[in-house]
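Test case, fold it:
(chains A and B)
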Amino acid sequence: MGNALRFRDDAAHEEPAVTLDAFLGQTNATAVRLESDEDARKLIPQLGQLALIEIAFPKFRDGRGYSAARILREAGYTGELRAAGDVLVDQIPYMRRCGFDSFAPEADIDTAALERALSRYEHVYQKAADGRSPVWALRHG
Amino acid sequence: MYKYDEYDQSIVDARVEEFRDQVERRLAGEISEDQFKPLRLMNGLYLQLHAYMLRVAIPYGTMDSRQMRMLAHIARKYDRDYGHFTTRQNIQYNWIKLEDAPDILADLASVEMHAIQTSGNCIRNTTSDQFAGAAADEVTDPRPWAELLRQWSTFHPEFSYLPRKFKIAIVAAEEDRAAIKLHDIGLQLYHNDAGELGFRVFVGGGMGRTPMVAPVIREFLPTQDFLSYLEACLRVYNRYGRRDNIYKARIKILVHELGAAEYARQVEEEWAHVKTLGLDPPPGEFERIAAQFAPPPFETGIADTVDRSDPDFAVWLDQNVKAHKQPGYAIVNISLKPVGGIPGDASSAQIDLMADLAETYGFDELRVTHAQNIVLPHVKKADLYTIWQKLVAADLASANLDLISDIIACPGLDYCSLANARSIPVAQKIAKRFEGLDRQRDLGELKLKISGCINACGHHHAGHIGILGVDRKGTENYQLLLGGSGAEDASLGRITGPGFDEDGVVDAIERTVETYRTLRTEGERFLDTYRRVGMDPFKEAIYG
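Predicted coordinates for the structure are as follows:
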C-alpha cells in the first residue's frame, strides 16, 4: 500500500468496510466498499448511516468510480469518500472534482507532484461535485 | 470566430504547464510508460512506427490565419515541413520529439490552440459542418453549440476515463456534411413544428470493426437542456459501457446490446435526476459565444457573376466552389488531393499560402473538412479568379472535390502502428489511374475511402466505394466495399467478395465504375445506381 491521503478534518473512520452484499444484508455497518462494477445507487436508501464509502479502482483506466462518486455526492452523502487501488497522481484532481476526499493508493503518491497537480487549474469549465464555480458562472456572475 | 477570454486562456496555459510537468516526470523515469500513456494520449501524442505523432485540435474545424500560420510554423520548426489534416478536422504531425511536445503546446496556446483530448478514452474534438455560417441550407450556425461542447467536455472530471474514445458531431442542415450518424453522438439542429430550435439526438453510430448507423435516441431536445442531457448520455455509457473487451467498448455496442429504446429510457431516467443539478449554463453564456460567430461584414450590392472565360478556371469553379448564402460571395474548397500526393498533406508553404488567402480575401477564416480538404468559407466572387491563380501556383488547385480522386485515406502502414496495409500508395495509384479530369467529372460524385486496417480511420464503410487493407498470410490484401455513405442517407458499404492485391484493387475499381457508366440513368450518381441495381452486376463485372 502507498501513502493514504485524506482531505477531511474529521477523525479517520476505523471500522473496516464491508462488501456491498454484506452491507445490504445487515443494518448496522457504517463503512462499505463498492467494487467498480457495483451500483452506487443501491446505497442511497441508507446513506445516512454511512461514515465511509470506499470505491475500488482496479485499474486507473476503469473510470466507473468517477460516476459512482458523483452519484453519491449528488444524493447528499457527506461522509468520507475514498478512492482505493490504482490511484495515480494525475487522476486525483479529477477524483477530487467528483467528490472523493480520501485516497488509498496502491503505490506511493509523489506529494510534491500532487500539490502541483491540485493547484494547477485556477478555473474549471463544468459544475461537478466539488462546489467549484464553472467559468460560465463566473462570466455571468 | 470564438476568441478566448482570460478563463479560456488560463485553462489552456495551465495545460501546457501540466503536460510539461508530466513529460519531465516521464523523462526522469518517475512514471512508467504505461502510466504516461493515457496522459500523453489525452494530449494527442501517439507513439507511431517511427516517431511520436502529435494531433492538434482544430475545434469544429474553424481557424483564422494566425492559427493556420502557427500550424505551418510547427511543421517547419518541429517536424519535416508538412502536416496532415485529418478526417476529424484536426492536423497531425508525424515526426515529433517527446521533449519538444511541451514547447509545441506553448506555441499553440499563444494562438488559442491546444491538443487537449485529441486522443485517449475521453470526449474528443467536436466536429461540425465545414460550411457552417456560409451554407444556404443551414437553419443556424452550429458552431456556438460546438464551442459550448468544447468547454463542457474539456477536462470533464467524470468522463475522462470512459470505456473508449467518444466522438460528437453537430450539424444544422438537412444535408449532413459531418457524417453525424457515424459518430458516438450525432446532433442535428432543426426547428420543430412549433418553430422551436432543438436537437435531434443520434447515439451509437461508428465505424471500426463493428460499423453501425446511429439510431435516434431523442427526436427533439430543447436547446436549454443541451448539456445536461449529454451528461446523462455519457453517464449511462460510463457506468454500463463494456470494459471487458476493447473491441466492444464503444457506445454503439452498449446501445446495440441494450436496444436503442432501452438506452434512451435509461438516459431519460438519468437525465430527470441530472437536470436538477443546474449543469446547464444560462442562455447568456450561449449568447456570449454566439455573438462571436456573427456573420462577417459582407458587402451588399456587389457583382454576383463570375467571368468564366478561362476554361481551366471554369472547371475548378464548377467543381470546387459552392453556393454561399450571401449574394456576391462563394465558398471555396481547396483540394489537398493532387494526383500523386498524400491525401490531406500540406507543406508549411502551402499552409502559409492558404492563411494568406484567408486573410486577404476571406474575412480571415479557414475550415478543415472531414474529407481532409481546406475551405475558405466567405470569399467574394470577384476575387475567385485571383485566388485560383494563386492556388494553381501552389499546386492547390486540383478541381476534384467529391470526385473519385478526392480520396479519404488513413496514414496506413507507412506511419501507423495499428495498420495491416498501406493506404497512401493505393490512393496514389487510384488517383493516377483516373487522372483525367474529364473522366472523373463524367463519373460524377464518387466518394472513395481507404482504411489500412479494420479500425476504419479512412472511413471505408462510409465510402460509395470503400477499400479495406488487411493482412492476408503476411501480404497486403485489399477488400472492396460498395454502397456506403456518410451523409444524411447514411449507409454501410458491403464487401464485394475476395480481396485483391494493390494493382488488382485498382483494376476492380475501374471495372466497378465502368459498370456504373453502362447502367446509370440520367442524373444518377454511382451510389444511386448501386442502390437501384444492387451488388450483382458489379460483382459479375469484377469477378466474372
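
what's the helix or strand for the residue in the stretch 401-544 of chain B that chain A sits nearest to?
Distance from chain A to each residue of the stretch 401-544 of chain B (Cβ to the nearest Cβ) is smallest for B:Leu418, at 18.3 Å. Any C-beta I mention is one placed from the backbone N, CA and C, and that applies to glycine too. Here B:Leu418 is covered by no helix or strand, with elements defined by DSSP states H and E.

If you tally nearby residues, what's the number for it?
B:Leu418: 16 surrounding residues under other Cβ atoms under 10 Å in any protein chain shown.

which residues touch it?
Applying Cβ atoms under 8 Å, 6 or more residues apart in numbering or on different chains, we find B:Leu418 in contact with B:453, B:455.

For it, give me the pLDDT.
Here the pLDDT value assigned to B:Leu418 is 90.

any idea what sits nearest B:Asp507, other than its immediate chain neighbours?
Spatial nearest neighbour of B:Asp507, excluding adjacent residues (Cβ to Cβ, 6 or more residues apart in numbering or on different chains): B:Phe500 at 7.5 Å.

For that neighbour, what are phi and psi?
Phi and psi for B:Phe500, reported as degrees, to the nearest 10, are phi -140, psi 160.

Does it touch B:Ile509 like I think?
No: in this structure, B:Phe500 is not within contact of B:Ile509 by Cβ atoms under 8 Å, at 9.4 Å.

What parts of chain A come near chain B?
Residues of chain A found near chain B (Cβ under 8 Å from any Cβ of the partner chain) are A:60-64, A:66-68, A:70, A:74, A:88, A:90-91, A:93-95, A:97-98, A:110, A:113, A:116-117, A:120-128, A:134-140.

can you pull out the strands in the stretch 151-300 of chain B?
Ranges of strands in the stretch 151-300 of chain B, per DSSP state E, counting those that start in this stretch, are B:168-171, B:185-191, B:197-203, B:216-222.

Could you pull up the mean pLDDT of the first one?
Think strand B:168-171. Mean predicted lDDT for strand B:168-171 stands at 98.

ok, it: who's next to it in the sheet?
strand B:127-128 (parallel), strand B:185-191 (parallel) (DSSP bridges).

now the ones you listed as a markdown table including mean pLDDT and mean neighbour count?
Shown next, in a markdown table, are the strands paired with strand B:168-171 (pLDDT from 0 to 100; neighbours: other Cβ atoms under 10 Å in any protein chain shown):
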| stretch | mean pLDDT | mean neighbour count |
| --- | --- | --- |
| strand B:127-128 | 98 | 29 |
| strand B:185-191 | 98 | 22 |
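
Which one of those lies nearest to A:Leu52?
strand B:185-191 (36.3 Å; Cβ to Cβ).

Against which helices or strands is the biggest helix by length in chain A packed?
Looking across chain A with DSSP state H, the single longest helix is helix A:64-74. For helix A:64-74, the packing partners by 3 or more Cβ pairs under 8 Å, 6 or more residues apart in numbering or on different chains; DSSP states H and E come out as strand A:52-57, strand A:80-85, helix A:92-97, helix B:226-240.

thinking again about what came up before, and the residue nearest to B:Asp507, how close does it get to B:Ala72?
38 Å (Cβ to Cβ, to the nearest Å).

same thing with A:Phe60?
Distance from A:Phe60 to B:Ala72, by Cβ to Cβ: 37 Å.

One more: A:Arg73?
A:Arg73 is 46 Å from B:Ala72, by Cβ to Cβ.

picking up where we left off before, what pLDDT is listed against the residue nearest to B:Asp507?
97.

Could you tell me how many residues sit around it?
19.

Contact partners for it?
Counting by Cβ under 8 Å, 6+ apart, B:Phe500 has contacts B:477-480, B:507-508.

Make a ChimeraX selection of the buried ones in those.
This is the ChimeraX syntax for the buried subset of these, where burial follows 16 or more other Cβ atoms under 10 Å in any protein chain shown:
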select /B:477,478,479,480,508
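
so can I have JSON lines of the contacts of B:Phe500 showing pLDDT?
Formatted as JSON lines, the contacts of B:Phe500 follow (pLDDT from 0 to 100):
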{"residue": "B:Asn477", "pLDDT": "96"}
{"residue": "B:Tyr478", "pLDDT": "97"}
{"residue": "B:Gln479", "pLDDT": "97"}
{"residue": "B:Leu480", "pLDDT": "98"}
{"residue": "B:Asp507", "pLDDT": "98"}
{"residue": "B:Ala508", "pLDDT": "98"}
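
Could you pick out which of the contacts of B:Phe500 are located in helices?
Going by DSSP H, the helices hold B:507-508 from the contacts of B:Phe500.

Can you name the residue of chain A nearest chain B?
A:Gly63 (2.8 Å).

Next up, the contacts around that residue.
Residues in contact with A:Gly63 (Cβ under 8 Å, 6+ apart) are B:121, B:158-163, B:238.

which stretch among the strands paired with strand B:168-171 comes nearest B:Leu396?
Closest among the strands paired with strand B:168-171, using Cβ to Cβ: strand B:127-128, at 22.7 Å.

So which residues make contact with the closest one?
Residues from elsewhere that reach strand B:127-128, judged by Cβ under 8 Å, 6+ apart: B:60-61, B:88-89, B:142-143, B:146, B:167-171, B:178, B:183, B:370.

List phi and psi for the residue of chain A closest to chain B.
Main-chain torsions, A:Gly63, degrees, to the nearest 10: phi -90, psi 10.

hey, where'd the helices end up in the stretch 101-250 of chain B?
Counting by DSSP state H, counting those that start in this stretch, the stretch 101-250 of chain B has these helices, from start to end: B:101-109, B:143-153, B:226-240.

which other helices and strands contact the second one?
Helices and strands in packing contact with helix B:143-153 are listed as strand B:127-128, strand B:168-171, helix B:226-240, helix B:283-291; criterion 3+ Cβ pairs under 8 Å, 6+ apart.

switch the cut-off to 10 Å
helix A:135-139, helix B:6-27, strand B:62-63, strand B:127-128, strand B:168-171, strand B:185-191, helix B:226-240, helix B:283-291 (3 or more Cβ pairs under 10 Å, 6 or more residues apart in numbering or on different chains; DSSP states H and E).
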